[in-house]
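Q: Compute the structure for the input listed below.
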Amino acid sequence: MTPTILWFRRDLRLTDHPALVAAAKRGAVIPVFIHDDSVANLGAAPKWRLGQGLGAFAAALKAAGSRLILRRGPAREVLEELVAETGAGAVYWSRLYDPEAIERDTRVKSALREADIEAESFAGHLIFEPWEVETQQGGMYKVYSPYWRSVKDREVPAVLSAPELQAPESWPDSDALDDWAMGAAMRRGAAIVAAHCDPGEQSARARLSAFSAHRMEDYKARRDFPGEEATSGMSEYLTYGEISPRQLWHSALRGEADGKAGAEHFRKEVVWREFAYHLMYHTPRIVEANWREEWDDFPWDEDERKREVKAWKQGRTGVAFVDAALREMYVTGRMHNRARMVVASYLTKHLMVHWRVGQAWFEDCLTDWDPASNAMGWQWVAGCGPDAAPYFRVFNPATQLEKFDPEGVYRRRWIAEGDTSPTETALSYFDAIPASWGMSASDDYPDPVVALDVGRERALEAYGALKSD
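A: As a prediction, the model looks like this:
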(Lines give C-alpha, C1' and ligand atoms only; values in the text may rest on other atoms or scores of the structure.)
Protein backbone atom coordinates (compact mmCIF):
# COMPACT_ATOMS: atom_id res chain seq x y z
CA MET A 1 0.00 0.00 0.00
CA THR A 2 1.28 3.48 -0.82
CA PRO A 3 2.08 5.77 2.14
CA THR A 4 -0.48 8.13 3.65
CA ILE A 5 0.38 11.77 4.30
CA LEU A 6 -1.15 12.87 7.59
CA TRP A 7 -1.51 16.65 7.43
CA PHE A 8 -1.38 17.89 11.02
CA ARG A 9 -2.80 21.28 11.94
CA ARG A 10 -4.57 21.78 15.30
CA ASP A 11 -4.24 18.13 16.33
CA LEU A 12 -0.72 17.67 17.68
CA ARG A 13 -1.28 14.40 19.52
CA LEU A 14 -1.11 10.64 19.03
CA THR A 15 -3.96 9.55 21.32
CA ASP A 16 -7.62 9.84 20.31
CA HIS A 17 -6.77 10.89 16.78
CA PRO A 18 -9.26 9.38 14.27
CA ALA A 19 -7.35 10.55 11.19
CA LEU A 20 -4.09 9.08 12.49
CA VAL A 21 -5.73 5.78 13.37
CA ALA A 22 -7.21 5.55 9.86
CA ALA A 23 -3.88 6.41 8.26
CA ALA A 24 -2.03 3.81 10.36
CA LYS A 25 -4.49 1.10 9.30
CA ARG A 26 -3.74 1.92 5.69
CA GLY A 27 0.04 1.46 6.06
CA ALA A 28 3.05 3.75 6.32
CA VAL A 29 2.34 7.26 7.64
CA ILE A 30 4.19 10.47 6.77
CA PRO A 31 3.30 13.15 9.35
CA VAL A 32 3.45 16.65 7.85
CA PHE A 33 2.95 20.17 9.17
CA ILE A 34 2.65 23.04 6.67
CA HIS A 35 3.58 26.64 7.43
CA ASP A 36 1.02 28.32 5.15
CA ASP A 37 -0.79 31.65 5.39
CA SER A 38 -2.91 30.42 8.28
CA VAL A 39 0.29 30.08 10.30
CA ALA A 40 2.03 33.17 8.93
CA ASN A 41 -0.96 35.34 9.90
CA LEU A 42 -1.13 34.18 13.51
CA GLY A 43 -0.56 36.71 16.25
CA ALA A 44 2.74 36.85 18.12
CA ALA A 45 1.83 34.71 21.13
CA PRO A 46 -0.17 31.95 19.38
CA LYS A 47 2.48 31.59 16.69
CA TRP A 48 5.19 31.25 19.34
CA ARG A 49 3.10 28.72 21.28
CA LEU A 50 2.42 26.74 18.12
CA GLY A 51 6.17 26.52 17.59
CA GLN A 52 6.58 25.16 21.11
CA GLY A 53 3.89 22.60 20.44
CA LEU A 54 5.48 21.52 17.17
CA GLY A 55 8.79 20.95 18.94
CA ALA A 56 7.11 18.77 21.57
CA PHE A 57 5.12 16.86 18.97
CA ALA A 58 8.18 16.20 16.81
CA ALA A 59 9.86 14.68 19.87
CA ALA A 60 6.81 12.50 20.56
CA LEU A 61 6.76 11.25 16.98
CA LYS A 62 10.47 10.47 17.13
CA ALA A 63 9.92 8.43 20.29
CA ALA A 64 7.19 6.53 18.42
CA GLY A 65 9.58 5.67 15.58
CA SER A 66 8.30 8.33 13.22
CA ARG A 67 9.14 11.94 12.42
CA LEU A 68 7.46 15.25 11.64
CA ILE A 69 8.08 16.69 8.18
CA LEU A 70 7.96 20.49 8.09
CA ARG A 71 7.29 22.35 4.86
CA ARG A 72 6.49 25.97 4.07
CA GLY A 73 4.18 27.30 1.35
CA PRO A 74 0.56 27.13 0.15
CA ALA A 75 -1.01 23.93 1.46
CA ARG A 76 -2.21 22.63 -1.90
CA GLU A 77 1.17 23.12 -3.58
CA VAL A 78 3.10 21.59 -0.69
CA LEU A 79 0.86 18.53 -0.54
CA GLU A 80 1.02 17.98 -4.28
CA GLU A 81 4.81 18.19 -4.12
CA LEU A 82 4.94 15.70 -1.26
CA VAL A 83 2.64 13.28 -3.07
CA ALA A 84 4.95 13.41 -6.08
CA GLU A 85 8.07 12.96 -3.93
CA THR A 86 6.79 10.10 -1.78
CA GLY A 87 4.33 8.28 -4.03
CA ALA A 88 1.67 8.73 -1.36
CA GLY A 89 -1.75 7.53 -2.38
CA ALA A 90 -3.75 9.31 0.29
CA VAL A 91 -3.80 12.52 2.31
CA TYR A 92 -5.74 12.61 5.59
CA TRP A 93 -6.38 15.45 8.05
CA SER A 94 -8.56 16.52 10.97
CA ARG A 95 -11.29 19.04 10.16
CA LEU A 96 -11.19 22.70 11.11
CA TYR A 97 -14.26 24.92 11.09
CA ASP A 98 -13.28 28.56 10.65
CA PRO A 99 -14.29 30.09 7.30
CA GLU A 100 -10.76 30.37 5.89
CA ALA A 101 -9.86 26.78 6.80
CA ILE A 102 -13.06 25.43 5.27
CA GLU A 103 -12.38 27.27 2.01
CA ARG A 104 -8.76 26.13 1.88
CA ASP A 105 -9.50 22.51 2.76
CA THR A 106 -12.29 22.31 0.20
CA ARG A 107 -9.90 23.45 -2.54
CA VAL A 108 -7.21 21.02 -1.38
CA LYS A 109 -9.58 18.05 -1.26
CA SER A 110 -10.96 18.80 -4.70
CA ALA A 111 -7.50 19.15 -6.27
CA LEU A 112 -6.18 15.94 -4.72
CA ARG A 113 -9.21 13.91 -5.74
CA GLU A 114 -8.98 15.24 -9.29
CA ALA A 115 -5.43 13.83 -9.30
CA ASP A 116 -6.79 10.41 -8.15
CA ILE A 117 -5.33 10.84 -4.65
CA GLU A 118 -7.52 9.71 -1.80
CA ALA A 119 -8.29 12.80 0.31
CA GLU A 120 -10.30 12.47 3.51
CA SER A 121 -11.03 14.71 6.48
CA PHE A 122 -11.92 13.38 9.93
CA ALA A 123 -13.51 14.55 13.16
CA GLY A 124 -11.37 15.09 16.23
CA HIS A 125 -11.19 18.83 16.97
CA LEU A 126 -14.73 18.70 18.35
CA ILE A 127 -16.91 16.12 20.08
CA PHE A 128 -20.01 16.96 18.04
CA GLU A 129 -19.81 17.97 14.41
CA PRO A 130 -21.71 21.26 13.96
CA TRP A 131 -24.14 19.79 11.43
CA GLU A 132 -24.96 16.85 13.70
CA VAL A 133 -26.62 18.97 16.41
CA GLU A 134 -29.96 20.38 15.29
CA THR A 135 -33.09 21.78 16.86
CA GLN A 136 -36.37 19.91 16.54
CA GLN A 137 -37.14 22.17 13.58
CA GLY A 138 -33.90 21.11 11.89
CA GLY A 139 -31.92 24.33 12.29
CA MET A 140 -28.95 25.51 14.32
CA TYR A 141 -29.03 26.32 18.02
CA LYS A 142 -28.73 30.01 18.90
CA VAL A 143 -28.86 29.66 22.68
CA TYR A 144 -26.50 27.61 24.80
CA SER A 145 -28.90 26.03 27.33
CA PRO A 146 -30.99 24.07 24.80
CA TYR A 147 -27.79 23.15 22.95
CA TRP A 148 -26.42 21.68 26.18
CA ARG A 149 -29.64 19.78 26.85
CA SER A 150 -29.53 18.32 23.34
CA VAL A 151 -26.03 16.85 23.73
CA LYS A 152 -25.51 16.17 27.44
CA ASP A 153 -26.91 12.63 27.33
CA ARG A 154 -25.52 11.63 23.95
CA GLU A 155 -23.31 8.60 23.69
CA VAL A 156 -19.75 9.74 22.96
CA PRO A 157 -17.33 7.11 21.60
CA ALA A 158 -14.46 5.97 23.79
CA VAL A 159 -11.02 7.53 23.51
CA LEU A 160 -8.86 5.94 20.80
CA SER A 161 -5.45 4.55 21.72
CA ALA A 162 -2.36 5.81 19.93
CA PRO A 163 -1.66 3.54 16.93
CA GLU A 164 1.61 1.88 16.00
CA LEU A 165 3.22 3.97 13.28
CA GLN A 166 4.90 2.38 10.28
CA ALA A 167 7.63 4.45 8.66
CA PRO A 168 7.84 4.88 4.88
CA GLU A 169 10.71 3.34 2.95
CA SER A 170 12.32 6.78 2.74
CA TRP A 171 11.56 10.14 4.32
CA PRO A 172 11.14 13.37 2.36
CA ASP A 173 13.26 16.38 3.27
CA SER A 174 12.07 18.65 6.07
CA ASP A 175 12.61 22.26 7.05
CA ALA A 176 14.24 22.96 10.41
CA LEU A 177 11.78 24.31 12.98
CA ASP A 178 14.29 26.89 14.24
CA ASP A 179 14.52 28.35 10.73
CA TRP A 180 10.85 29.26 10.90
CA ALA A 181 11.53 31.68 13.82
CA MET A 182 8.03 31.17 15.20
CA GLY A 183 8.75 33.36 18.23
CA ALA A 184 10.30 36.32 16.45
CA ALA A 185 7.37 38.66 17.07
CA MET A 186 7.39 37.87 20.79
CA ARG A 187 10.83 39.42 21.17
CA ARG A 188 11.93 39.53 24.82
CA GLY A 189 8.52 38.41 26.04
CA ALA A 190 9.11 34.86 24.81
CA ALA A 191 11.57 34.06 27.60
CA ILE A 192 9.10 35.24 30.24
CA VAL A 193 6.09 33.36 28.86
CA ALA A 194 8.20 30.23 28.36
CA ALA A 195 8.49 29.81 32.13
CA HIS A 196 4.71 29.35 32.25
CA CYS A 197 4.39 27.07 29.24
CA ASP A 198 4.49 23.28 29.31
CA PRO A 199 3.63 22.14 25.78
CA GLY A 200 2.84 18.70 24.47
CA GLU A 201 0.42 15.82 24.77
CA GLN A 202 2.14 14.25 27.76
CA SER A 203 1.89 17.50 29.73
CA ALA A 204 -1.75 17.94 28.73
CA ARG A 205 -2.71 14.49 29.95
CA ALA A 206 -0.80 14.95 33.20
CA ARG A 207 -2.54 18.25 33.88
CA LEU A 208 -5.97 16.78 33.17
CA SER A 209 -5.22 13.90 35.51
CA ALA A 210 -4.17 16.28 38.29
CA PHE A 211 -7.23 18.44 37.77
CA SER A 212 -9.53 15.44 37.86
CA ALA A 213 -7.94 14.14 41.04
CA HIS A 214 -7.58 17.38 43.01
CA ARG A 215 -9.67 20.26 41.60
CA MET A 216 -12.69 18.88 39.76
CA GLU A 217 -14.66 18.46 43.00
CA ASP A 218 -14.58 22.21 43.73
CA TYR A 219 -14.53 23.41 40.13
CA LYS A 220 -18.00 24.97 40.08
CA ALA A 221 -17.57 26.62 43.48
CA ARG A 222 -14.04 28.00 43.03
CA ARG A 223 -13.47 28.45 39.29
CA ASP A 224 -14.25 32.19 39.41
CA PHE A 225 -11.54 33.01 41.95
CA PRO A 226 -8.51 34.09 39.87
CA GLY A 227 -6.07 33.96 42.75
CA GLU A 228 -6.64 30.22 43.21
CA GLU A 229 -5.47 27.22 41.21
CA ALA A 230 -9.04 26.06 40.58
CA THR A 231 -9.46 25.76 36.80
CA SER A 232 -8.43 22.95 34.48
CA GLY A 233 -5.90 24.89 32.37
CA MET A 234 -6.99 22.85 29.34
CA SER A 235 -7.77 25.70 26.92
CA GLU A 236 -4.22 26.00 25.60
CA TYR A 237 -3.91 22.26 25.03
CA LEU A 238 -7.27 22.15 23.25
CA THR A 239 -6.21 25.03 21.00
CA TYR A 240 -3.32 23.03 19.53
CA GLY A 241 -5.01 19.66 19.79
CA GLU A 242 -2.51 18.33 22.32
CA ILE A 243 -5.51 16.78 23.99
CA SER A 244 -8.93 16.01 22.52
CA PRO A 245 -12.21 17.41 23.86
CA ARG A 246 -13.45 13.83 23.99
CA GLN A 247 -10.79 13.07 26.62
CA LEU A 248 -12.12 15.93 28.74
CA TRP A 249 -15.71 14.75 28.28
CA HIS A 250 -14.94 11.26 29.52
CA SER A 251 -12.86 12.59 32.40
CA ALA A 252 -15.86 14.67 33.47
CA LEU A 253 -18.20 11.68 33.14
CA ARG A 254 -15.93 9.66 35.42
CA GLY A 255 -16.03 12.54 37.88
CA GLU A 256 -19.81 12.61 37.76
CA ALA A 257 -19.92 8.85 38.37
CA ASP A 258 -17.66 9.38 41.38
CA GLY A 259 -19.99 12.06 42.75
CA LYS A 260 -17.65 15.01 42.25
CA ALA A 261 -19.71 18.17 42.65
CA GLY A 262 -17.97 20.18 39.94
CA ALA A 263 -17.79 17.48 37.29
CA GLU A 264 -20.97 18.29 35.38
CA HIS A 265 -20.11 21.99 35.33
CA PHE A 266 -16.73 21.15 33.86
CA ARG A 267 -18.46 19.15 31.15
CA LYS A 268 -20.72 22.16 30.50
CA GLU A 269 -17.63 24.29 29.90
CA VAL A 270 -16.34 21.74 27.40
CA VAL A 271 -19.69 21.99 25.63
CA TRP A 272 -19.53 25.82 25.73
CA ARG A 273 -16.52 25.49 23.41
CA GLU A 274 -18.52 23.13 21.20
CA PHE A 275 -21.31 25.72 21.08
CA ALA A 276 -18.84 28.40 19.96
CA TYR A 277 -17.80 26.22 17.02
CA HIS A 278 -21.43 25.38 16.26
CA LEU A 279 -22.13 29.10 15.92
CA MET A 280 -19.00 29.85 13.90
CA TYR A 281 -19.79 27.07 11.43
CA HIS A 282 -23.41 28.08 10.89
CA THR A 283 -22.94 31.86 11.13
CA PRO A 284 -19.32 32.57 10.13
CA ARG A 285 -19.90 36.33 10.33
CA ILE A 286 -19.43 35.98 14.10
CA VAL A 287 -15.67 35.99 13.53
CA GLU A 288 -15.55 39.58 12.34
CA ALA A 289 -18.99 41.23 12.51
CA ASN A 290 -21.79 41.73 15.03
CA TRP A 291 -23.72 38.50 15.31
CA ARG A 292 -26.82 40.55 16.08
CA GLU A 293 -26.98 42.81 13.05
CA GLU A 294 -29.12 45.37 14.87
CA TRP A 295 -25.94 46.33 16.73
CA ASP A 296 -24.23 47.55 13.58
CA ASP A 297 -25.19 51.16 14.36
CA PHE A 298 -24.08 51.05 18.00
CA PRO A 299 -21.67 53.96 18.64
CA TRP A 300 -18.57 52.01 19.60
CA ASP A 301 -15.24 53.78 19.17
CA GLU A 302 -12.64 51.98 17.02
CA ASP A 303 -9.80 54.52 17.44
CA GLU A 304 -6.94 52.48 18.91
CA ARG A 305 -4.79 55.61 19.28
CA LYS A 306 -6.90 56.90 22.15
CA ARG A 307 -5.22 57.29 25.51
CA GLU A 308 -7.81 55.02 27.15
CA VAL A 309 -7.21 52.19 24.67
CA LYS A 310 -3.45 52.46 25.10
CA ALA A 311 -3.88 52.34 28.87
CA TRP A 312 -6.09 49.25 28.54
CA LYS A 313 -3.56 47.44 26.37
CA GLN A 314 -0.72 48.27 28.76
CA GLY A 315 -2.57 47.26 31.91
CA ARG A 316 -2.49 50.85 33.17
CA THR A 317 -6.19 51.73 33.38
CA GLY A 318 -6.02 52.40 37.12
CA VAL A 319 -8.60 49.66 37.65
CA ALA A 320 -6.88 46.86 39.55
CA PHE A 321 -8.82 43.84 38.25
CA VAL A 322 -8.48 44.95 34.63
CA ASP A 323 -4.78 45.74 34.93
CA ALA A 324 -3.95 42.56 36.83
CA ALA A 325 -5.67 40.44 34.17
CA LEU A 326 -3.85 42.04 31.26
CA ARG A 327 -0.54 41.68 33.05
CA GLU A 328 -1.25 38.03 33.71
CA MET A 329 -1.68 37.64 29.96
CA TYR A 330 1.66 39.29 29.14
CA VAL A 331 3.55 37.14 31.64
CA THR A 332 1.85 33.76 31.18
CA GLY A 333 0.18 34.02 27.77
CA ARG A 334 -3.17 33.22 29.38
CA MET A 335 -5.86 35.00 31.38
CA HIS A 336 -8.29 33.69 33.96
CA ASN A 337 -11.80 33.32 32.53
CA ARG A 338 -13.52 35.55 35.11
CA ALA A 339 -10.87 38.16 34.41
CA ARG A 340 -11.51 37.92 30.66
CA MET A 341 -15.14 38.84 31.19
CA VAL A 342 -14.24 41.81 33.36
CA VAL A 343 -11.55 43.01 30.95
CA ALA A 344 -13.89 42.71 27.97
CA SER A 345 -16.76 44.41 29.76
CA TYR A 346 -14.54 47.30 30.80
CA LEU A 347 -13.30 47.89 27.25
CA THR A 348 -16.66 47.59 25.49
CA LYS A 349 -18.84 49.23 28.14
CA HIS A 350 -16.88 51.54 30.44
CA LEU A 351 -14.65 52.72 27.60
CA MET A 352 -17.24 52.21 24.81
CA VAL A 353 -14.57 50.72 22.53
CA HIS A 354 -15.51 48.23 19.82
CA TRP A 355 -15.17 44.58 20.75
CA ARG A 356 -13.10 44.01 17.60
CA VAL A 357 -10.27 46.04 19.15
CA GLY A 358 -10.15 43.69 22.13
CA GLN A 359 -10.64 40.60 19.98
CA ALA A 360 -7.62 41.53 17.86
CA TRP A 361 -5.48 42.25 20.91
CA PHE A 362 -6.28 38.88 22.43
CA GLU A 363 -5.56 37.27 19.07
CA ASP A 364 -2.05 38.68 19.25
CA CYS A 365 -1.36 38.10 22.96
CA LEU A 366 -3.06 34.88 24.09
CA THR A 367 -1.28 31.57 23.73
CA ASP A 368 -4.63 29.80 23.97
CA TRP A 369 -6.23 31.96 21.28
CA ASP A 370 -9.08 30.13 19.56
CA PRO A 371 -11.04 31.70 16.68
CA ALA A 372 -14.48 30.50 17.79
CA SER A 373 -14.14 30.98 21.54
CA ASN A 374 -12.49 34.38 21.20
CA ALA A 375 -15.15 35.73 18.86
CA MET A 376 -18.09 34.39 20.85
CA GLY A 377 -16.59 35.45 24.18
CA TRP A 378 -16.12 39.06 23.13
CA GLN A 379 -19.56 39.33 21.59
CA TRP A 380 -21.19 37.61 24.57
CA VAL A 381 -19.79 40.25 26.90
CA ALA A 382 -20.35 43.18 24.54
CA GLY A 383 -24.02 42.28 24.16
CA CYS A 384 -24.08 41.87 20.37
CA GLY A 385 -23.56 38.12 20.23
CA PRO A 386 -25.61 34.97 20.70
CA ASP A 387 -26.61 34.12 24.24
CA ALA A 388 -25.24 37.54 25.10
CA ALA A 389 -24.99 39.10 28.53
CA PRO A 390 -27.93 41.53 28.85
CA TYR A 391 -27.11 45.03 27.68
CA PHE A 392 -27.63 46.37 31.20
CA ARG A 393 -25.07 43.95 32.69
CA VAL A 394 -21.96 46.07 33.14
CA PHE A 395 -19.42 44.24 35.26
CA ASN A 396 -18.10 46.49 38.02
CA PRO A 397 -14.37 45.64 38.19
CA ALA A 398 -14.06 46.94 41.75
CA THR A 399 -16.88 44.85 43.21
CA GLN A 400 -15.86 41.87 41.10
CA LEU A 401 -12.39 42.01 42.65
CA GLU A 402 -13.82 42.31 46.13
CA LYS A 403 -16.03 39.28 45.52
CA PHE A 404 -13.58 36.99 43.77
CA ASP A 405 -10.26 38.17 45.22
CA PRO A 406 -11.19 39.20 48.77
CA GLU A 407 -7.67 38.70 50.12
CA GLY A 408 -6.01 40.58 47.27
CA VAL A 409 -3.98 37.57 46.12
CA TYR A 410 -4.60 38.13 42.41
CA ARG A 411 -3.95 41.84 42.61
CA ARG A 412 -0.62 41.42 44.41
CA ARG A 413 0.42 38.65 42.08
CA TRP A 414 0.30 40.93 39.05
CA ILE A 415 0.55 44.60 40.11
CA ALA A 416 3.88 45.87 41.45
CA GLU A 417 3.40 49.64 41.59
CA GLY A 418 2.84 50.89 45.13
CA ASP A 419 3.87 47.57 46.69
CA THR A 420 6.96 47.78 48.89
CA SER A 421 7.69 44.09 48.29
CA PRO A 422 6.22 43.16 44.89
CA THR A 423 5.93 39.55 43.83
CA GLU A 424 8.21 38.00 41.24
CA THR A 425 5.29 37.55 38.86
CA ALA A 426 4.35 41.22 39.15
CA LEU A 427 7.92 42.24 38.38
CA SER A 428 8.07 39.82 35.43
CA TYR A 429 5.52 41.98 33.67
CA PHE A 430 8.10 44.73 33.14
CA ASP A 431 10.49 42.24 31.56
CA ALA A 432 7.80 40.86 29.24
CA ILE A 433 6.36 44.06 27.77
CA PRO A 434 8.01 46.09 24.99
CA ALA A 435 10.81 48.28 26.31
CA SER A 436 9.32 51.12 24.25
CA TRP A 437 6.45 51.34 26.72
CA GLY A 438 8.93 52.86 29.16
CA MET A 439 7.34 51.41 32.28
CA SER A 440 8.91 50.27 35.57
CA ALA A 441 7.79 48.96 38.93
CA SER A 442 8.81 52.24 40.56
CA ASP A 443 6.13 54.17 38.63
CA ASP A 444 3.13 55.48 40.52
CA TYR A 445 0.03 53.42 40.01
CA PRO A 446 -2.29 55.46 37.74
CA ASP A 447 -5.63 56.98 38.54
CA PRO A 448 -8.56 55.45 36.65
CA VAL A 449 -8.76 56.62 33.05
CA VAL A 450 -12.52 56.82 33.51
CA ALA A 451 -14.52 56.77 36.72
CA LEU A 452 -16.42 53.50 36.98
CA ASP A 453 -19.76 55.16 37.66
CA VAL A 454 -19.30 57.58 34.76
CA GLY A 455 -18.39 54.77 32.37
CA ARG A 456 -21.34 52.67 33.47
CA GLU A 457 -23.88 55.46 33.03
CA ARG A 458 -22.49 56.34 29.60
CA ALA A 459 -22.81 52.70 28.50
CA LEU A 460 -26.35 52.33 29.84
CA GLU A 461 -27.41 55.51 28.09
CA ALA A 462 -26.06 54.24 24.75
CA TYR A 463 -27.61 50.80 25.22
CA GLY A 464 -30.93 52.36 26.17
CA ALA A 465 -30.90 54.42 22.99
CA LEU A 466 -30.20 51.29 20.93
CA LYS A 467 -33.10 49.42 22.48
CA SER A 468 -35.52 52.31 21.94
CA ASP A 469 -34.70 52.70 18.23
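Q: which residues touch the closest residue to Tyr147 other than its chain neighbours?
A: Spatial nearest neighbour of Tyr147, excluding adjacent residues (Cβ to Cβ, 6 or more residues apart in numbering): Tyr141 at 4.0 Å. Bear in mind the C-beta positions are built from the backbone N, C-alpha and C, glycine included. Listed by Cβ atoms under 8 Å, 6 or more residues apart in numbering, the contact set of Tyr141 reads Val133, Glu134, Thr135, Tyr147, Ser150, Phe275, His278.
Q: is it fair to say Tyr141 lies in a helix?
A: No - per DSSP: H, G, I helix; E, B strand; the rest coil, Tyr141 lies outside any helix segment and is coil.
Q: mind checking pLDDT for it?
A: For Tyr141, the pLDDT comes out at 97.
Q: same question, Pro157
A: For Pro157, the pLDDT comes out at 97.
Q: so the nearest residue to it once chain neighbours are set aside, which of the three states?
A: Excluding the flanking residues, the one nearest Pro157 by Cβ to Cβ, 6+ apart is Arg246, at 7.2 Å. Assigned with three-state DSSP, Arg246 falls in the helix class.
Q: What's the first helix or strand after the helix or strand hosting Arg76?
A: Element membership for Arg76, per DSSP states H and E: helix 75-86. Where DSSP H and E defines the elements, the next helix or strand beyond helix 75-86 is strand 90-94.
Q: Let me know the angle separating that following strand from helix 75-86.
A: Counting by axes from the mean of the first three to the mean of the last three Cα atoms, to 10 degrees, strand 90-94 points 140 degrees away from the direction of helix 75-86.
Q: which neighbours does strand 90-94 have in its sheet, and in what orientation?
A: strand 4-8 (parallel), strand 118-122 (parallel) (DSSP bridges).
Q: Strands along the stretch 201-350 of the chain, start to end?
A: Remark: no strands are assigned in the stretch 201-350 of the chain by DSSP state E, counting those that start in this stretch.
Q: Distance check, the residue nearest to Leu366 when sequence neighbours are not counted against Gly89.
A: Closest residue to Leu366 apart from its sequence neighbours, by Cβ to Cβ, 6+ apart: Ala45 at 5.9 Å. From Ala45 across to Gly89, the span is 38 Å (Cβ to Cβ, to the nearest Å).
Q: So those two - more neighbours on which side?
A: Using other Cβ atoms under 10 Å, the more surrounded residue of Ala45 and Gly89 is Ala45, with 26 against 16.
Q: OK, contacts around that one?
A: Per Cβ under 8 Å, 6+ apart, neighbours of Ala45: Met186, Val193, Gly333, Asp364, Cys365, Leu366, Thr367, Trp369.
Q: List the buried residues in the helix or strand the second one falls within.
A: Following DSSP H and E, the helix or strand that holds Val193 is helix 189-194. Taking 16 or more other Cβ atoms under 10 Å as the neighbour-count basis, helix 189-194 is seen to contain the buried residues Gly189, Ala190, Ile192, Val193, Ala194.
Q: Against Tyr240, how distant is the second one?
A: Taken as Cβ to Cβ, the spacing of Ala190 relative to Tyr240 amounts to 17 Å.
Q: now Asp175
A: For Asp175, the distance to Tyr240 - Cβ to Cβ - is 19 Å.
Q: of the two, who's got more company?
A: A side-by-side neighbour count of Asp175 and Tyr240, using other Cβ under 10 Å, places Tyr240 first with 28 against 13.
Q: How about the more buried one: what's its closest non-neighbour residue?
A: Gly53 (4.4 Å).
Q: contacting residues for the one you found?
A: For Gly53, the residues meeting the contact criterion (Cβ under 8 Å, 6+ apart) are Leu12, Pro199, Gly200, Tyr240, Glu242.
Q: And Val353, its phi and psi?
A: phi -100, psi 140 (degrees, to the nearest 10).
Q: surely it meets Leu347?
A: Yes - Val353 is within contact range of Leu347, at 5.0 Å (criterion: Cβ atoms under 8 Å).
Q: and for these two, which residues touch both?
A: Residues touching both Val353 and Leu347 by Cβ under 8 Å, 6+ apart: Val309, Trp312.
Q: show me the biggest strand of the chain in terms of residues.
A: strand 29-35 (DSSP state E).
Q: and the angle from that strand to helix 75-86?
A: 150 degrees.
Q: Pull the residues that contact strand 29-35.
A: Against strand 29-35 from outside (Cβ under 8 Å, 6+ apart): 3-9, 20, 23, 54, 61, 66-73, 75, 78-79, 82, 86, 88, 165-168, 171-172, 175, 180.
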